[in-house]
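> show me how the following folds:
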Amino acid sequence: MSPQLLITVDTELSNFPDGQGLWGRVGSGNWGLERMIAAFNTNALRATFFLDVYGKTDAELAHQKNAAKLIAESGHDLQLHTHPAPAFDRKRHQLRDYTLAEQREIIRQGADRIYDWTGTRPVLHRAGDWAADHQRYEIMGFAPTFLQAHGVKTVELTRKRSMVTAGLKLMACCVVSVHVTGIA
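Alright, predicted model coming up:
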């Protein structure tokens, strides 16, 4: 197997003010999503953007919707990323802080939101803030992960990071992505 470059981008508002989180707006410059997409396109690269879609306010949701449309319309891969606290419970920041039933609903709502915004349903999920846990595998029925879909043979989940072993050379791979196609 020849080496492959897999580019994934966690795409989120985070805790930045105004347009800094998604758009990287600092002063008069845009250093975020638009600039990354332009650079990828200029260099004929495709990336998978894991977009957090759990804004609390209408303004946050509008930013997330615009980001989803930009990613999809630019021909890049758009998948689901979760930072559920703003939309669900500010005291529970990570997905693993929620029950199995709550995780199922959070992921379903996010996947539905991306579908409503773009017409394309995400098939992969990445929990934000190192928040993957084994309940997500139960939700998905342990479908193959993103990395496994690209030739990675073993993904071992630990509390803080996933360890990857396979024919791919990966740098600083510390997250696990799980298919979400089986969610009702």
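> mind listing the helices for the protein?
Using DSSP state H, the helices of the chain run over 20-23, 33-42, 58-73, 100-118, 134-140, 146-149.
> which one of those lies nearest to residue 6?
Proximity to residue 6, assessed across the helices of the chain by Cβ to Cβ, is greatest for helix 146-149 (7.6 Å). Placement of C-beta: from N, CA and C, glycine included.
> contacts only, for residue 23.
30, 32-34, 63 (Cβ atoms under 8 Å, 6 or more residues apart in numbering).
> which of those are buried?
For the contacts of residue 23, a burial check counting by 16 or more other Cβ atoms under 10 Å picks out 32-34, 63.
> least reliable of the helices of the chain going by mean pLDDT?
Of all the helices of the chain, helix 146-149 carries the lowest average pLDDT, namely a mean of 48.
> make CSV out of the buried ones among the contacts of residue 23 and add distance to residue 78.
Converted to CSV, the buried ones among the contacts of residue 23 look like this (distance: Cβ to Cβ, whole Å):
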residue, distance to residue 78
32, 16
33, 12
34, 15
63, 15
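> now the two most distant members of these.
For those, the maximum inter-member distance is 12.2 Å, found between 34 and 63 (Cβ to Cβ).
> looking at it, residue 69 is touching residue 119, isn't it?
No - between residue 69 and residue 119 there is no contact under Cβ atoms under 8 Å: 10.1 Å.
> okay, those two: which has more neighbours?
Neighbours were counted for residue 69 and for residue 119 using other Cβ atoms under 10 Å; residue 69 has more, 13 against 8.
> next up, the contacts around the more buried one.
Contacts for residue 69 were tallied using Cβ under 8 Å, 6+ apart; they are 117-118.
> change it to 10 Å
78, 117-118 (Cβ atoms under 10 Å, 6 or more residues apart in numbering).
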